Every structure is written in structure tokens, then in C-alpha cells.
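Visitor: return a 3D structure for these sequence lines:
(one chain, ligands or ions: 1)
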Amino acid sequence: MNYKALAERLLPGDYPELSAYETQYPPRDLPKGAEVTRLAPSPTGFIHLGNLFVAIANERIAHRSGGIMYLRIEDTDLKRKVEGAVEAVKNALRYFDIKFDEGAEIGGDDTYGPWYQRERAEIYRAFVKHLIGEGRAYPCFCTEEELTALREEQTAKKEITGYYGKYAKCRNLSEEEVYRNLDAGKPFVIRLKSMGDPANKIKFHDEIKGDITVTENDQDVVILKSDGIPTYHFAHAIDDHFMRTTLVIRGEEWLASLPIHLELFDALGFQRPRYGHNCSLMKQDGETRRKLSKRKDPELSLEFYRKEGYFARAVKVYMLTLLNSNFEEWYLKNPDAPLEEFKFSASKMSKSGTLFDLDKLNDISKNELSKLSAEEMSAFLKGWAEEYGSDAQRGYFGDEEKMLRVLTLCMGIGGKKRRKDFMTASQAMKFISIFFERTPREDDYRVDRETKNAVIGGFLGAYDPSDDAQAWFAKVKQVAEANGFAAEMKEYKANPENYKGSVADVAEILRIAATGRANTPDLWTIMQILGEEETRARLKDAAKA
Ligand code: GLU
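Guide: From the prediction side, this is the model:
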């Protein structure tokens, strides 16, 4: 077979000399040890926790080593492409403060672009043409139906499925047959002519999993589809070579394709990058552990965290806790340090499935939010409300001073112990809603209607907004006594049968009357923030019901 002539027939025209690409994309001028890493999402519109997981690892490794992290968009599969997906990727990663140096829509040095694979068609084709010319790739004319039939035959025989060895029909077509098919205008794909043998095992060092053994590839994988666009495998080899990636941290679902990639790098004469395959995020589901699933687990989507209003640092802290076994200890010692100071390393990453637990994240979130000042909290909530909140919620920020007083109270700022009631922006906004709106009552009174109204009436008669906390409480005690409740806890505990309840029960009635809730921060302060008019109006309303 005249391979050069075949290459010309399949991919006609002049392509640059391959060495020209080496010159165009020279090795990067970086200090020794600097890693070049990347995130390479497909624009499917669904950006998920797994993407963030590897993004954080890649970003930390690149930047800790003085290297580069870039964003490449793997858009070779048009069927999966969704409008606006790249924006969604960018927004999500910006929210979590993943810093790219270069890449799609990032700006920065463009030497190694374009960053969208569809814009790189010429490079891929030039190399495919080269491989055909060398006899390392060939056209395959098999139809979908033939491939399906092949798969069924292999499955029935309990053999490995795919296009390989004796099953690689088009690999052995004669020159005449090939040209006859081409002359007939039959569509074709280009396949790699694999030289591998599954009897051979390759020892491989994975930066995360350590020393592993993989089986040599013998699949004649498609490298160029019939539309002239490469497959993921081929584009990966070309791009990671010419973008000068040194380390590929990616999800472990790609481990199965690793032998293909190793063969491709070798066939192309490229030095391989190092690889680290990151464990999957698992979820405890009853007795079993399973991978987080798009269909069953809303928390897999990064959009979930933004809609709920998770504080980005909290998510990052949790991800780092899962990613590096020594992070938690470091963080306990350095709770306020910039996360960048942690010495992240690929070798400390989990080798097998990591359990993702939303409750754990929620605890971390409460803790992180309890470190904010009222101003920081206000800015965080406002940012969330602007994007995801209701008009009423955006209105909460109309009176900045009131907002700060509310937050100071609700977060226990200045008190003996900071409160940890806030978990996410959406939940915090609901928590503080009682200060800004008359919300429906959430908790029931634990006394009869008559007692409730007598207590509220008694308090309204004595209420003076200029009372300090002590004077205010003295009045609550008076109301207690006047209505058959013990003014002192001690008295109540000694002889509970003599009372309807204690002063605590009276305070609860007033609390529910003013806020609709049985549990709130300090009620005197709440009344101070609400102001006299609103407090009176709410209590009067409550007494009517
Ligand atoms: N486009 C692939 C994905 O979205 C990237 C895999 C890789 O990082 O090499 O999963």
C-alpha cells in the first residue's frame, strides 16, 4: 500500500511541516519543577463537583510549583454541546475562585491557543495525515449497523468488545478495496492501527494512585470522525503535547482509556505528560456507597451550591479536606490562613473513592460564616440576593445600618460566643426575614389563647422602647407574675405545680408573638431593631388571633 498517496487522498492539500508546530508551540519557559496543568471540560452545560474537585487540585499544583493552569474547552462532540455552557463553566469556577492563567475566554498569554478544540482542526488533521502516511492509521468504512452487529457478536461470545485484532475488518482492506470504497463516496473515519498486545502489561506511575499496572492497548480507536473532527483521545494527545501540559490530573473514569493515550503519545513521538487519576466522589446511600449521580443527587451540580448560596470558601475547604489527607490538621492549626498557604500535593490525594457528605459541608459552612464580620456577611448575602433572591429579599438591603444590626445580633458578634446559625445565604436570608417582613407564624404557642392574649396585653401595657435590657426583663417578670407564671426559674423548679409555667414560657409567648418563632436571638434586641411601632403592631396582631 502506498500510504503517502492514501494520506493525500484522504486529507488532500498542503499541511504545515509537523516541526512547524513544535516551533509555533515551543516548550514553555518556566522554572524547573513548574507544572503546567489544565481543566478541560466539555461544554455540556453541566458543570459538577467532580470538575471542581480536579480544578482545585490542578490549580493548587500548578500555582504552588510556580507553573501555569489553563482552561481548554473540549468541544469535539457537537451533540453534547449546549449554548452558554462556556459562560456557565467560567461563572462557576470564578465563584469558587479558581484562578486560570490562560485559556478560553480567560485572556492571558495566547501563544498556546486556540483553546477551543474545534478551532484546532488543522493541527489534528496534519497529524492524522502524518499517521496515515506512516501506515499507523487507516480509513474505516464500517457502518453503525456493522459496528452494532460486531458488538453483539462479541458480547454473545463473551469476548472483549471493540475494533481490534481479527475484528478490525478495515485494517486489512487491500489498496484496491480502499480506493473502491472511496470512489463510491462511502463515509469513513480514521482509526489508529494499534501495535499493542493485551498480553503485555505496562508498569505505570500514577501521581495519585502510585505504581499501577495497565494492559497494553490493542483497540484501533477512532482518531478522526467522519466530520473531520478528532475524538477526545486524539485531541487530548495533540493538545496536551502542544499546550505543553506536564501533569494531567483528571477523574479516574479516564483510567480505562489510559492505555490508548499512552499508545497515541508514543505513535505521535511525543513525550507523555505525567498523569494522576483522581478518585470519584461517593455518597452513602443506605448500606451502600455509590458514585454521586447526576440524576439522583442535586448536590452534584455546581449550580446547586450557588443557588443555595454556599459560601465559596466553605466548599473549597471541604473539597481540600477530601482532596488532601493532611489538610484538615493543617486547617485546624491555621483556621484563618489563606488556603493558598497549604502545601497541597498530588501524593497526598486519596487513592480510592472519597465519601462526600453534605452534612459535613454544612458544618464547615456554619463555621466559616461565623468568622465573617457583619459587613462581610452583608456583602455575601447581598451578592446572593442580587442573583437568586426575591425582590423582597433584595429590599432587605435598603437600610444598610439595620442590616448590620440584624447580622450583628444574629451572628452573636460582640457576644461571648459567636452563633453558628447561618449555613448558606438562602437559609440565612430566611433566618433574618423576621426583621424585614411579617412572616407566617412557624411555631405554635404552648398555652391557651386566653393566657397568650393576657400575657401579650400585659406586656403591651408595660412596654417602653427606651427600657434597657434589664428594665425590659423586669417587666417581663412582672407580666409573668401577674398571669400566674413564676418570675424566677428557681421558684418554678421548686414548686412547678403552683404555676402555669415560668418566665421563660412568658418570654416564649412574646417571642412567637413578635417573630412567629419560638427560637430566636435575644428578644429585647429584636424589639430594639424592629422599633416601637412595628413591635406594637406585631404584638397587637398576635393578640387578635
Ligand atoms: N473533556 C473531558 C471531560 O470533560 C476531560 C478529561 C480530561 O481532563 O482529560 O471529562
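
Visitor: thought D467 was touching K475?
Guide: Yes. Counting by CB atoms under 8 Å, K475 is a contact partner of D467 at 6.8 Å. Yep, even glycine has a C-beta here, placed from its N, CA and C like the rest.

Visitor: who in this structure is up against the ligand?
Guide: A40, P41, S42, E74, H236, V248, R250, W254 (CB under 6 Å from any ligand atom).

Visitor: farthest-apart pair in those residues, please.
Guide: Greatest spatial distance among the residues of the chain next to the ligand (CB to CB): S42 and V248, at 15.4 Å.

Visitor: more neighbours: which of those two?
Guide: V248 (23 against 20; other CB atoms under 10 Å).

Visitor: who does that one form a beta bridge with?
Guide: Y275 (DSSP bridges).

Visitor: for V221, what are its contacts?
Guide: Contacts for V221 (CB atoms under 8 Å, 6 or more residues apart in numbering) come out as Y163, R191, L192, S194, T231, H233, I260.

Visitor: cutoff 7 Å now
Guide: R191, L192, T231, H233, I260 (CB atoms under 7 Å, 6 or more residues apart in numbering).

Visitor: which ones among these map onto helices?
Guide: H233, I260 (DSSP state H).

Visitor: let's have the contacts of V221 in JSON lines, adding neighbour count and distance to E146.
Guide: Below are those laid out as JSON lines (neighbours: other CB atoms under 10 Å; distance: CB to CB, whole Å):
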{"residue": "R191", "neighbour count": "24", "distance to E146": "14"}
{"residue": "L192", "neighbour count": "26", "distance to E146": "19"}
{"residue": "T231", "neighbour count": "20", "distance to E146": "19"}
{"residue": "H233", "neighbour count": "20", "distance to E146": "21"}
{"residue": "I260", "neighbour count": "24", "distance to E146": "22"}
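
Visitor: which of the contacts of V221 lies closest to the ligand?
Guide: The shortest gap between the ligand and any of the contacts of V221 belongs to H233, at 9.6 Å (CB to the nearest ligand atom).

Visitor: give the contact list for the nearest residue to that closest one once chain neighbours are set aside.
Guide: Leaving aside its chain neighbours, H233 sits nearest to I260 (5.2 Å; criterion: CB to CB, 6 or more residues apart in numbering). Applying CB under 7 Å, 6+ apart to I260 gives the contacts N217, Q219, V221, H233.

Visitor: the helices in the stretch 101-250 of the chain, which residues?
Guide: Remark: helices assigned in the stretch 101-250 of the chain by DSSP state H, counting those that start in this stretch are 121-133, 144-156, 175-183, 232-242.

Visitor: hey, which of the ones you listed is tucked in deepest?
Guide: helix 232-242 (a mean of 23; mean count of other CB atoms under 10 Å).

Visitor: and that helix with helix 121-133, angle?
Guide: On the basis of axes from the mean of the first three to the mean of the last three CA atoms, to 10 degrees, helix 232-242 is oriented at 110 degrees to helix 121-133.

Visitor: rewinding a little: roughly how far does the residue nearest to H233 sit from K203?
Guide: 17 Å (CB to CB, to the nearest Å).

Visitor: where does G108 land on pLDDT?
Guide: G108 carries a pLDDT score of 89 in this model.

Visitor: and Q284, which of the three is it?
Guide: Secondary structure, DSSP: H, G, I helix; E, B strand; the rest coil: Q284 is strand.

Visitor: give me the neighbour count for it.
Guide: Count around Q284 with other CB under 10 Å applied: 11.

Visitor: now it: closest residue in space that isn't a chain neighbour?
Guide: L355 (6.2 Å).

Visitor: what is the neighbour count of that neighbour?
Guide: 12.

Visitor: ok now do the nearest residue to N362 once chain neighbours are set aside, which residues does it touch?
Guide: Excluding the flanking residues, the one nearest N362 by CB to CB, 6+ apart is M423, at 5.4 Å. If you count contacts by CB under 7 Å, 6+ apart, M423 has them with N362, S365, K366.

Visitor: of the residues you listed, just say which sits nearest to Q24.
Guide: Out of those, the member with the shortest distance to Q24 (by CB to CB) is S365, at 46.6 Å.

Visitor: so the closest one is in contact with F422, correct?
Guide: No. Counting by CB atoms under 7 Å, S365 does not reach F422; the two are 8.1 Å apart.

Visitor: which parts of the stretch 251-400 of the chain are strands?
Guide: For the stretch 251-400 of the chain, the strands defined by DSSP state E, counting those that start in this stretch cover 274-278, 281-285, 288-291, 354-355.

Visitor: can you point out the buried residues in the first one?
Guide: If I follow you right, that is strand 274-278. Of all the residues in strand 274-278, those buried under the rule 16 or more other CB atoms under 10 Å are Y275, G276, H277, N278.

Visitor: pLDDT value on the first one, please?
Guide: The predicted local distance difference test score for Y275 is 98.

Visitor: with the one 10 residues further on instead?
Guide: The predicted structure scores D285 at 92 on the pLDDT scale.

Visitor: same question, the one 10 residues further on
Guide: At R295, the predicted lDDT confidence score is 92.

Visitor: G45: neighbour count?
Guide: For G45, the neighbour count with other CB under 10 Å is 16.

Visitor: and the residue of the stretch 1-150 of the chain that's closest to the ligand?
Guide: Counting by CB to the nearest ligand atom, the stretch 1-150 of the chain gets nearest the ligand through E74, at 3.7 Å.

Visitor: tell me who's in contact with the closest residue to K225 other than its chain neighbours.
Guide: Excluding the flanking residues, the one nearest K225 by CB to CB, 6+ apart is V189, at 5.6 Å. Residues in contact with V189, defined by CB under 7 Å, 6+ apart, are C140, V222, L224, K225, S226.

Visitor: tell me which residues form a beta bridge with V189?
Guide: In this entry, V189 is beta-bridged to C140, by DSSP bridges.

Visitor: tell me how far it lies from G165.
Guide: According to CB to CB, V189 and G165 sit 18 Å apart.

Visitor: now the phi/psi pair for the residue of the stretch 1-150 of the chain closest to the ligand, please.
Guide: Dihedral pair for E74: phi -90, psi 90, per degrees, to the nearest 10.

Visitor: neighbours around it, how many?
Guide: E74, neighbours per other CB under 10 Å, totals 20.

Visitor: and A199, by the same measure?
Guide: Counted by other CB under 10 Å, the residues lying close to A199 total 8.

Visitor: what's the pLDDT at whichever residue of the stretch 151-300 of the chain sits closest to the ligand?
Guide: Among the residues of the stretch 151-300 of the chain, R250 lies closest to the ligand, at 3.5 Å counting by CB to the nearest ligand atom. For R250, the pLDDT comes out at 96.

Visitor: that one: neighbour count?
Guide: By other CB under 10 Å, neighbour count at R250 equals 22.

Visitor: so the closest residue to it other than its chain neighbours is in which element?
Guide: Closest residue to R250 in three dimensions, ignoring its sequence neighbours and counting by CB to CB, 6+ apart: V54, at 5.9 Å. Element membership of V54, judged by DSSP states H and E, is helix 49-64.

Visitor: what does that helix contact?
Guide: 35-39, 41, 68-69, 93, 96, 98-99, 247, 249-251, 278, 281, 292, 300, 302, 316, 319-320, 323, 344, 346, 349.

Visitor: average pLDDT for the helix or strand that that helix is followed by?
Guide: The helix or strand immediately downstream of helix 49-64 is strand 68-71, counting by DSSP H and E. Strand 68-71 shows a mean pLDDT of 97.

Visitor: angle of whichever helix or strand comes after strand 68-71 against helix 49-64?
Guide: Heading C-terminal from strand 68-71, the first helix or strand you meet, by DSSP H and E, is helix 85-95. Following the same axes, to 10 degrees, one obtains 60 degrees for the angle between helix 85-95 and helix 49-64.

Visitor: so what's the gap between helix 85-95 and the chain middle?
Guide: 10 Å (CA atoms, centre = their mean, to the nearest Å).

Visitor: gap between the spatially closest residue to T515 that is not a sequence neighbour and the ligand?
Guide: Distances taken as CB to CB, 6+ apart place I434 nearest to T515, at 4.4 Å, with adjacent residues excluded. I434 sits 44 Å away from the ligand, going by CB to the nearest ligand atom, to the nearest Å.
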